[in-house]
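Student: predicted model and sequence below, questions to follow.
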Amino acid sequence: MKDYVIITDSPSDLSADLLNEIEVTSLGLVCLFKGKEYVDDGGITLKYKDFYDGIRNLEQPTTGQINSYRFAEEFTKHVKEGKGIIYIGFSSALSGTFNSSVMAKNEVLEEYPDADITLIDSKAASGGEGLLVYLAAKKRQEGCSKEDLVSWIEATIPKVNHFFFVDDLNHLKRGGRISSTTAVVGGILNIKPIMYINDAGSLVPFAKAKGRKKATAHLLDDMKKNIVNPEEQTIMVTHSDCPEDAEALAKSIKEIFNVKKVIINYIGTVIGSHTGAGTLALFFLGEHREP
């Protein structure tokens, strides 16, 4: 079996320790914060606490995609070693990063026409992308061939459920996800919109809850309605600097469902720039994505 590597990007929100455990390389998108450019590297260079404290103090970070040069550089390194490549990327509906990987693949193939490079649009973000990468990497470690793993990933993408809520609606307003009126009224009434990512990889609001407690309960209800074979599953929970809420959600999941494992990760600087502090998200596999 030809050796191959799995590459992802930082919006998968996998910690450095977890990436090391599953032997996956993650390329960081760029975050501009307080006038300085950072490559999203899992909270190593820019500490999550500093980042989210800045957002709470009204900093407005911006983000930039990975350019084709960085992809080509990474792809070429593995091609020269004779390895195949699977890149599992951030949803193309949310970023131009995946398009950069396509450009890079074409550039590499011009010089190395026999290069074995497979690009997969996860149509996912944060722990949804991260869960897909984690499960794929575990299958690779168990000896799954590249061809079989690609087929498994493509079949699994439509099953990755994403449910989350944000704490401050102004970040969704700034990103054009909701209107200014909705943000103002929702803030006054303490409304938390429950959102999911659809089959196209786009964000969709579909329910509302008043307060964090009810919003968290909504996430659990959504899981009850959509999860399949929970006893066989690894669940992913991500959060933007609300670790106590993430731990409480993970505890509830373990009490309600006989799940295999719950992994908690921080939401990184790229996703966090658009959701703000206080976001709580839940990811698992269902029969399909749509709630």
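Tutor: Alright, I've got the coordinates. Just so you know, these numbers come straight off a predicted model, no measurement behind them.
Student: what domains does the record give for the protein?
Tutor: For the chain, the domain assignment from automatic domain parsing gives the residue ranges 4-156, 159-285.
Student: export those domains as TSV, with columns for mean neighbour count.
Tutor: For every residue, glycine as well, the C-beta is placed using N, CA and C. Listed next are the domains of the chain as TSV, based on neighbours: other Cβ atoms under 10 Å:
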stretch	mean neighbour count
domain 4-156	19
domain 159-285	19
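Student: hey, least reliable of these by pLDDT?
Tutor: Of all the domains of the chain, mean pLDDT reaches its minimum on domain 159-285 (a mean of 86).
Student: returning to what we had before: tabulate the domains of the chain (CSV), appending distance to Pro291.
Tutor: As requested, the domains of the chain are arranged in CSV below (distance: least, Cβ to Cβ, whole Å):
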stretch, distance to Pro291
domain 4-156, 14
domain 159-285, 6
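Student: convert the one helix or strand Ser26 maps to to CSV, retaining C-alpha atoms only.
Tutor: Ser26 is located in strand 24-27, with elements delineated by DSSP states H and E. What follows is the C-alpha trace of strand 24-27 in CSV, where atoms were taken according to Å, rounded to 0.1, in the frame of the first residue of the first chain:
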residue,chain,number,x,y,z
VAL,A,24,-2.1,15.2,10.6
THR,A,25,-0.5,18.4,9.3
SER,A,26,-2.6,21.5,9.6
LEU,A,27,-2.0,24.7,7.6
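Student: other SSEs contacting it?
Tutor: Under the contact criterion of 3 or more Cβ pairs under 8 Å, 6 or more residues apart in numbering; DSSP states H and E, the helices and strands touching strand 24-27 comprise strand 4-9, helix 68-80.
Student: so Glu110 is in which element?
Tutor: helix 97-111.
Student: all helices for this structure, in order.
Tutor: Counting by DSSP state H, the chain forms helices over residues 16-22, 48-56, 68-80, 97-111, 127-141, 146-156, 169-174, 180-189, 212-226, 243-256, 269-275, given from the N-terminal end onward.
Student: to Phe284, which of those helices lies closest?
Tutor: helix 212-226 (6.1 Å; Cβ to Cβ).
Student: what angle separates that closest one from helix 243-256?
Tutor: Regarding helix 212-226 and helix 243-256, their directions subtend 40 degrees when assessed with axes from the mean of the first three to the mean of the last three Cα atoms, to 10 degrees.
Student: ok now helix 212-226, how far from the chain's centre?
Tutor: Relative to the chain's own centre, helix 212-226 is displaced by 19 Å; criterion: Cα atoms, centre = their mean, to the nearest Å.
Student: could I get the CA-only coordinates of it as PDB?
Tutor: Listed next in PDB are the C-alpha coordinates belonging to helix 212-226 (Å, rounded to 0.1, in the frame of the first residue of the first chain):
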ATOM      1  CA  ARG A 212     -27.500  30.100  27.100                       C
ATOM      2  CA  LYS A 213     -29.100  27.400  29.300                       C
ATOM      3  CA  LYS A 214     -32.000  26.900  26.900                       C
ATOM      4  CA  ALA A 215     -29.700  27.200  23.900                       C
ATOM      5  CA  THR A 216     -27.500  24.400  25.300                       C
ATOM      6  CA  ALA A 217     -30.600  22.300  25.900                       C
ATOM      7  CA  HIS A 218     -31.600  22.900  22.300                       C
ATOM      8  CA  LEU A 219     -28.200  21.500  21.100                       C
ATOM      9  CA  LEU A 220     -28.800  18.300  23.100                       C
ATOM     10  CA  ASP A 221     -32.300  18.000  21.700                       C
ATOM     11  CA  ASP A 222     -30.900  18.400  18.200                       C
ATOM     12  CA  MET A 223     -28.500  15.600  18.900                       C
ATOM     13  CA  LYS A 224     -31.200  13.300  20.200                       C
ATOM     14  CA  LYS A 225     -33.200  13.800  17.000                       C
ATOM     15  CA  ASN A 226     -30.300  13.300  14.600                       C
END
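Student: which elements pack onto it?
Tutor: Using 3+ Cβ pairs under 8 Å, 6+ apart as the contact definition, the elements that helix 212-226 packs against are strand 160-165, strand 191-197, strand 203-210, helix 243-256, strand 280-285.
Student: now render these as JSON lines, adding distance to Leu109.
Tutor: Written out in JSON lines, the entries for those read as follows (distance: least, Cβ to Cβ, whole Å):
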{"stretch": "strand 160-165", "distance to Leu109": "29"}
{"stretch": "strand 191-197", "distance to Leu109": "30"}
{"stretch": "strand 203-210", "distance to Leu109": "33"}
{"stretch": "helix 243-256", "distance to Leu109": "42"}
{"stretch": "strand 280-285", "distance to Leu109": "33"}
